[in-house]
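Colleague: Here is a sequence with its predicted model. Questions after.
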Amino acid sequence: MNMIKKVLLSAIFILSGTGVANAQYIEDALRYSTPNGISSARVGALGVAFNGISDDFNATNYNPAGLSLLAKTELNIGLDFQHNPNEVNFLGNISNFSSNNVNFSQIGMVFPFKAENHNAAISIGYIQESNFSNKYDYSGFNSQNTYTDYQAQYGTRNYQDNWAYHVFLASPNLKTPVKDSLQQSAYVDESGGLHNFVVGGAFEINPSLSVGATLNYKWGHYKYTRAFTESDTKNKYNTFDTLFFEKSNVSSVIVDESIDQEVTGISGSLGIIGKLSNFMRLGATVKFPSYYSIKEDYGIYAEAKFKSSFEANPYDPVPSAMDYHVTTPFIFSGGMSLYLLGLTVSAGIEYMDATQVTFTAPDGTYTNFREINDHFNGLNRTIASSLLGQVTWGLGFEYDLLVVPVVIRGSYQSISSPYSDNIDGANRQTIGFGAGLYVGDNVRIDGLYRWTSYSQLRTNYGTQETGSLYILKQTPSNIAVQLTYRY
């Protein structure tokens, strides 16, 4: 049962009886719960261990109490280049595909000031929280089942809205002879990102203790497209029968699917940081749940080609739309750093209870659609039974070289999988290295190289029992640059 639950997390839920097909994934909520962006070259090199330092603009997104540690006004500007190599294992066949993209990672400022002889600061700026860009392909001969048969069996029960019927591959009672032994291939393109406009503030209660808070306005876009084909390369289907649908002479089936999401949200955090002279820092942060409003369009196009001269009209309905909300859990984080003779050693940890992710429909929007409300309730039950707490931890260092105006950094970070039943490599491992060059008393240019590795079990269609799956291994590399100016 655990494996079945895990695969259900990847399956598209089709809402039967409404005449509209909609796709909500549990991965949608996890996508907006676990950041993967490079907010700056320095933070990318330190990872979650930056929680133990938190002494530049990026404290806004980690521990805002650290803003009070700044003595000068600061300007940060960052740029991130990402290389995405992917390896897909589908039916024992390995496919490799790579893509690249470039994004601004941040632009922000911190303004320190005195408030009744206490250090204080405010910050404002933009931070890239997540980058969703990715591309990959896969192919293999499937001797067990077909997407056509899956659609006929598990798609909408209204045959007029079932693409297998529309392209003359299934009867009105949704029976099809096209059940196995087709060559399948797909190309997947994901794009978009999640962005933050952040405002933060910090106040020094006494020389050893500071508190801070942030408010985040979030917006973003996610687009998923898949071009899927299954073809009769073995010439198994060679008899034309559209009367009883007991045989078929189908040559190939083409299915293009798309999910387009526009996202807005709001969140915030509270932080506290204590310091013992210049030797030690201890900090803790509570990040409040993010409340997202998602507007989603789901589109599908299906076409069948036959070995005879028969031509079927393609299935090309108007894309369906749905609005819904996603609420992410609290995130609790802590950090510690030690400083001695130019060397800072830091550690950080974060915890998120992924079972607290929830989907909800806008109040009153779908009151008359029991299937839709049941759909969201089912998603939330699956979340509660199939996810668990997610832990992020990491160690890092930062060392100011004594003879040249250079600082070097490095870290290791691990993020546990939020699924209760995992495949090998599901935990996300990250190694980061970076360096900063002081080109003046107040200007530093930082560089980063970061490498990450993790695997995901994704659905070709359906579940392990009803369809087919594949394993996607991602090993993205990031190269980032950052300009920091303090005056």
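Modeller: Sure, I can see it. Bear in mind the structure is a predicted one, so any value in this text is a computation, not a measurement.
Colleague: what number of residues lie near residue 148?
Modeller: 26 (other Cβ atoms under 10 Å). Every residue, glycine included, has its C-beta placed from N, CA and C.
Colleague: Can you classify it by secondary structure?
Modeller: helix (DSSP: H, G, I helix; E, B strand; the rest coil).
Colleague: what do you get for residue 165?
Modeller: Applying three-state DSSP: residue 165 is helix.
Colleague: now swap in residue 125 and tell me
Modeller: strand.
Colleague: Name the nearest residue to it, sequence neighbours excluded.
Modeller: residue 108 (2.2 Å; Cβ to Cβ, 6 or more residues apart in numbering).
Colleague: For beta bridges, what are the partners of the one you found?
Modeller: residue 76, residue 125 (DSSP bridges).
Colleague: For it, which residues are in contact?
Modeller: 57, 60, 75-76, 123-127, 198 (Cβ atoms under 8 Å, 6 or more residues apart in numbering).
Colleague: and the strand ranked longest in the chain, which residues are buried?
Modeller: Longest strand in the chain, counting residues (DSSP state E): strand 250-276. For strand 250-276, a neighbour-count test (16 or more other Cβ atoms under 10 Å) marks 250-263, 265, 267-273, 275 as buried.
Colleague: From residue 296, how far off is the residue nearest the centre of the chain?
Modeller: Nearest residue to the geometric centre of the chain (Cα atoms, centre = their mean): residue 31, 3.1 Å. Separation of residue 31 from residue 296 (Cβ to Cβ, to the nearest Å) stands at 13 Å.
Colleague: Residue 319 now?
Modeller: 10 Å.
Colleague: again with residue 412
Modeller: According to Cβ to Cβ, residue 412 and residue 296 sit 37 Å apart.
Colleague: if you count what's nearby, which of these two comes out ahead?
Modeller: For residue 412 versus residue 296, the count of surrounding residues by other Cβ under 10 Å is larger for residue 296: 20 against 14.
Colleague: So that one sits against residue 322, correct?
Modeller: Yes. With contact defined as Cβ atoms under 8 Å, residue 296 reaches residue 322; the gap is 5.2 Å.
Colleague: Which stretches in the stretch 201-350 of the chain count as strands?
Modeller: For the stretch 201-350 of the chain, the strands defined by DSSP state E, counting those that start in this stretch occupy 209-231, 250-276, 280-287, 291-306, 320-327, 331-340, 343-353.
Colleague: contacting residues around the residue nearest to the centre of the chain?
Modeller: 130, 132, 222.
Colleague: Residue 404: which of those residues is nearest?
Modeller: Ranked by distance to residue 404 (Cβ to Cβ), the contacts of residue 31 are led by residue 130 at 35.4 Å.
Colleague: Do I have it right that that closest one meets residue 196?
Modeller: No. Here residue 130 does not reach residue 196: they are 9.7 Å apart, not a contact under Cβ under 8 Å.
Colleague: which of the two has more neighbours?
Modeller: Legend: neighbour count by other Cβ under 10 Å for residue 130 and residue 196, higher for residue 196 (26 against 19).
Colleague: Touching, the more buried one and residue 129? I think so.
Modeller: Yes. The criterion here is Cβ under 8 Å, and residue 196 meets it with residue 129 at 5.2 Å.
Colleague: For the longest helix along the chain, enumerate the helices and strands it packs against.
Modeller: Ranked by residue count, the top helix of the chain under DSSP state H comes out as helix 370-386. On a contact count with 3 or more Cβ pairs under 8 Å, 6 or more residues apart in numbering; DSSP states H and E, helix 370-386 meets helix 2-8, helix 26-31, strand 358-360.
Colleague: so after it, what's the next helix or strand?
Modeller: strand 389-400 (DSSP states H and E).
Colleague: Direction included, what does the helix or strand that that next one is followed by pair up with?
Modeller: Once the chain leaves strand 389-400, the next helix or strand it forms, by DSSP H and E, is strand 406-415. Using DSSP bridges, the strands paired with strand 406-415 are strand 389-400 (antiparallel), strand 428-438 (antiparallel).
Colleague: The residue nearest to the centre of the chain and residue 234, how far apart?
Modeller: With distances taken as Cβ to Cβ, residue 31 is found 38 Å from residue 234.
Colleague: same check, this time on residue 240
Modeller: 18 Å.
Colleague: same thing with residue 415?
Modeller: According to Cβ to Cβ, residue 415 and residue 234 sit 43 Å apart.
Colleague: Pick out whichever of these two has more residues nearby.
Modeller: Neighbours were counted for residue 415 and for residue 234 using other Cβ under 10 Å; residue 415 has more, 23 against 11.
Colleague: list the contacts for that one?
Modeller: The contact partners of residue 415, taken as Cβ under 8 Å, 6+ apart, are 34, 390-392, 427-428, 430, 454.
Colleague: tell me the least confident of those?
Modeller: Within the set of the contacts of residue 415, pLDDT is lowest for residue 34 (85).
Colleague: Surely it is in a strand?
Modeller: No. Using three-state DSSP, the secondary structure at residue 34 is coil, not a strand.
Colleague: so it makes contact with residue 390?
Modeller: Yes. Applying Cβ under 8 Å, one finds residue 34 in contact with residue 390, separated by 7.1 Å.
Colleague: Find residues that contact each of the two.
Modeller: Listed as contacting both residue 34 and residue 390 by Cβ under 8 Å, 6+ apart are 352, 415, 418.
Colleague: quick one: the first one from residue 34, how far?
Modeller: So that's residue 352. For residue 352, the distance to residue 34 - Cβ to Cβ - is 8 Å.
Colleague: what's the answer for the last one, then?
Modeller: In this structure, residue 418 and residue 34 are 8 Å apart, going by Cβ to Cβ.
Colleague: These two - which one has more neighbours?
Modeller: More crowded of residue 418 and residue 34, by other Cβ under 10 Å: residue 418, with 26 against 19.
Colleague: separation between that one and residue 261?
Modeller: 20 Å.
Colleague: likewise residue 373?
Modeller: Residue 373 is 20 Å from residue 261, by Cβ to Cβ.
Colleague: ok, now residue 415?
Modeller: As judged by Cβ to Cβ, residue 415 and residue 261 stand 23 Å apart.
Colleague: who touches the residue nearest to residue 94 when sequence neighbours are not counted in this structure?
Modeller: Using Cβ to Cβ, 6+ apart and skipping residues adjacent in sequence, the residue nearest residue 94 is residue 87, 6.3 Å away. Applying Cβ under 8 Å, 6+ apart to residue 87 gives the contacts 94-96, 472-473, 475.
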